[in-house]
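**Student:** Structural data only, the sequence is not supplied:
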């Protein structure tokens, strides 16, 4: 049965996924003469760069998530459907969702990427990923529950199991979590868990390559490493994690670390949708597109954001899978759709790298701009401003700002609640 | 094995439960010469009067919940333990928790009350209770998910299953939920769910007695009834719900209502702890205490708050199970503990009824004060002020205030996120 959406006589663009790419495209086309159908499995957009603050109890999910329906309250031509997409049928021009099929004139695949465990089922089963607010909340609860458990354990070795944390992956997520955990150890544990010896807490950051933040400049890598080591994080470079059984993390060099929490931020892979041609899937599960973000060999089907791989001589492995690329591709594609409606020429996508940044902790951040490198307080303030302004919604900005000021002044995140989901019998 | 708590030479008071009663007592004794051990299954205090706003997506759980550890950061003689209490052994003077046993010199039972389904297993299985933030979040998700589902259903009758809501219980919780749902229907649905006809939404409030808010004045009952009916709520008085199979709500008069959501706010019963004498348990599972909140027949064991039943000629069925009584009993008992330490005389508890209030919606509330009855805007503002000042923590107050102003100005709660818990394989 077709999904229940009014026929308005407008050409219909179905966008799968409301991340940075899909949402940007939908917003830019919200006042156009196309009918827009945004399909996402969640009813909200998630601001990924701040997941780690949710995990560290510094922000609530609602401050960095925004309901799609609110964004499009005033746009009659935009329809939101919360559903899983099971398949696309590019012959019939249909998207098959859990709630029925959906005809399209144009299809935009913006399904993004998810955690890549590189085929290791043990790690997939026991490690904690960080690619959704739900996963971030899970990590928050795990950390806090384990601190509570520590208080009840007299045996030193057994306590280490609960108290030590291993983070795998030296990208921005790994660096930011490591920094935030180190600050929690320093500023929060001595007050909240007086009976615990915070010096017992070991925070490991394991990176397979020879430097952190490999997408950034060497200066940024060096600065991040120095900052983390100053904060007491044990950074382990040139080492690959090979297995994790929920007790021990095994390294390629034969060593192992006892821990109940392995945070896996070591890689991503594109989400798949059955029905797209096999031959267009390239490394990292990305979908190969041309300079207009069209999937090769298909008609009226586009891919944008993390899922898209567009050959570019400047980027051997494709554009970086970051918000900036996704947003710019959404914008470019929206302009191309508008051009097509007017019979004008489309423009090829060109990535304009505005720079990149990562934060390590209080007044510690690194920023690579086209015109140079910053670190320390200035970089940190720049990081705060850029992220604050990127959050959707005035109220969210205000509440994030209050939380940040509060946390800065009090050296404390105050949201350390372990709220367990209520599950009804049938779901237990 | 004993729970790991340092021996300080101080007499130890173990408090089970950190609700209004237990938390008040712990705070008042935080700077005393007793060692305080607060045991709760959660790591936070929950502000019950605002659960309904969490369920209605107006507030986040973290705004009305506060971590115990933050409250007692500066008090060396207070120890928090997050654990289930399995049993008390009043002979050995021990509390047996999931994490070991705990010796006490004095024991205070402040375990409160939970939803009472009056033995109906069907209702217990299918209805949604409202006695924790987790349950409130569950209700929020259920409401929002069902609105999403409605959009996919073409059949009128089938749609009613998802769209109609039945609330059982005409106390403050039932009245507040009904009012908030009616306002969501009026102000939010037409914008968020444009394709839905909000007139299809029926909100039922079923009350077994002949009036709402039976703990309040007749004027308050009448005013609440009128306000709810003006808002379009179908109030059904003198009717008892006898069964619910997840599809139909069955009434004693033979009628039935098709709904997927039955909110059960019809009664509470005391939480039980094995090991307390059977003969001290009275109606509603409350524990009979004397005027000093001592459990009769036991030594050094007290009960305060919702769980306590203290004979009082003014209150045939015991003091009302509300925050005011719990807070006052916590305060009185703290003074008595301090008096005992000095060898002074204890004082009998006397309930000072400061009045009661309930809110129905925007500028609609009822307030019974000892010196009179208010309704409308003044009552509503009074309600807001009293609740705002009762919330623990300055930051929480600020954030609740911002949310309230925002919701008032925009006619909208903006937290309509369906955040599903992330469960790892082993827990699925």
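**Tutor:** Sure, I can see it. All of these numbers come straight from a predicted model, not from anything done at the bench.

**Student:** centroid residue for chain A?
**Tutor:** residue A:48 (3.8 Å; C-alpha atoms, centre = their mean).

**Student:** if you skip the residues just before and after it, what's nearest to that one?
**Tutor:** Spatial nearest neighbour of residue A:48, excluding adjacent residues (C-beta to C-beta, 6 or more residues apart in numbering or on different chains): residue A:323 at 7.1 Å. Backbone N, C-alpha and C define where each C-beta goes, glycine included.

**Student:** quick one: the strand or helix carrying residue A:134 to chain centroid distance?
**Tutor:** Secondary structure from DSSP states H and E places residue A:134 in helix A:133-150. Mean-position distance between helix A:133-150 and its chain equals 18 Å (C-alpha atoms, centre = their mean, to the nearest Å).

**Student:** touching chain B at all, the following helix or strand past it?
**Tutor:** Using DSSP H and E, the next helix or strand after helix A:133-150 towards the C-terminus is helix A:156-163. No - applying C-beta under 8 Å from any C-beta of the partner chain, one finds helix A:156-163 separated from chain B by no less than 10.3 Å.

**Student:** any idea of the mean pLDDT in helix A:156-163?
**Tutor:** Helix A:156-163 carries an average pLDDT of 92.

**Student:** on that earlier part again, tell me the helices and strands packed up against the helix holding residue A:134.
**Tutor:** Helices and strands touching helix A:133-150, as assessed by 3 or more C-beta pairs under 8 Å, 6 or more residues apart in numbering or on different chains; DSSP states H and E, comprise helix A:51-55, helix A:156-163, strand A:261-264.

**Student:** hmm, 6 Å instead?
**Tutor:** Under the contact criterion of 3 or more C-beta pairs under 6 Å, 6 or more residues apart in numbering or on different chains; DSSP states H and E, helix A:133-150 touches helix A:51-55, helix A:156-163.

**Student:** who touches that helix?
**Tutor:** For helix A:133-150, the surrounding residues in contact (C-beta atoms under 6 Å, 6 or more residues apart in numbering or on different chains) are A:46, A:51, A:54-55, A:57, A:61, A:65, A:128-129, A:159, A:162-163, A:193, A:196, A:261, A:416, A:418, B:82, B:419-420, B:422.

**Student:** Next, the angle helix A:156-163 makes with it.
**Tutor:** Taking axes from the mean of the first three to the mean of the last three C-alpha atoms, to 10 degrees, one finds that helix A:133-150 is oriented at 160 degrees with respect to helix A:156-163.

**Student:** And the contacts of stretch A:315-327?
**Tutor:** Applying C-beta under 6 Å, 6+ apart, the external contacts of stretch A:315-327 come out as A:20-21, A:24, A:215, A:305-306, A:309, A:351.

**Student:** filter these to the buried ones?
**Tutor:** Neighbour counting with 16 or more other C-beta atoms under 10 Å in any protein chain shown marks A:20-21, A:24, A:305-306, A:309, A:351 as buried within those.

**Student:** Just flag the most distant two among those.
**Tutor:** A:24 and A:309 (18.7 Å; C-beta to C-beta).

**Student:** contacting residues around residue A:8?
**Tutor:** With contact set as C-beta under 6 Å, 6+ apart, residue A:8 has these partners: residue A:35.

**Student:** Check residue A:190 too.
**Tutor:** residue A:198 are the contacts of residue A:190 under C-beta under 6 Å, 6+ apart.

**Student:** Output the set of residues of chain A in proximity to chain B.
**Tutor:** Counting by C-beta under 6 Å from any C-beta of the partner chain, the residues of chain A lying close to chain B are A:4, A:43-44, A:60-62, A:65, A:67, A:69, A:73, A:82, A:99, A:125, A:134-135, A:138, A:148, A:152, A:154, A:191-192, A:395, A:406, A:415-422, A:425.

**Student:** quick one: which of those residues sit in helices?
**Tutor:** Taking DSSP state H as the definition of helices, those contribute A:69, A:125, A:134-135, A:138, A:148, A:191-192, A:395, A:406.

**Student:** What's the PyMOL syntax to select whichever of these are buried?
**Tutor:** Here is the PyMOL command that selects the buried residues among these (16+ other C-beta under 10 Å):
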select buried, chain A and resi 69+134+135+138+148+192+395+406
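
**Student:** Which helix or strand contains the closest residue to residue A:75 other than its chain neighbours?
**Tutor:** Taking C-beta to C-beta, 6+ apart as the measure, residue A:75 lies nearest to residue A:30, with 4.2 Å between them; neighbours along the chain are not counted. With secondary structure defined by DSSP H and E, residue A:30 is part of neither a helix nor a strand.

**Student:** any idea how far residue A:30 is from chain B?
**Tutor:** Distance check for residue A:30 against chain B: by C-beta to the nearest C-beta, to the nearest Å, it reads 13 Å.

**Student:** all helices of the stretch 251-400 of chain A, in order?
**Tutor:** Counting by DSSP state H, counting those that start in this stretch, one finds helices in the stretch 251-400 of chain A at the ranges A:323-341, A:376-390, A:394-410.

**Student:** elements contacting the last one?
**Tutor:** This means helix A:394-410. Counting by 3+ C-beta pairs under 6 Å, 6+ apart, helix A:394-410 packs on no helix or strand.

**Student:** show me where pLDDT drops low in chain A?
**Tutor:** Within chain A, the stretches falling below the threshold (pLDDT under 70) are A:424-428.
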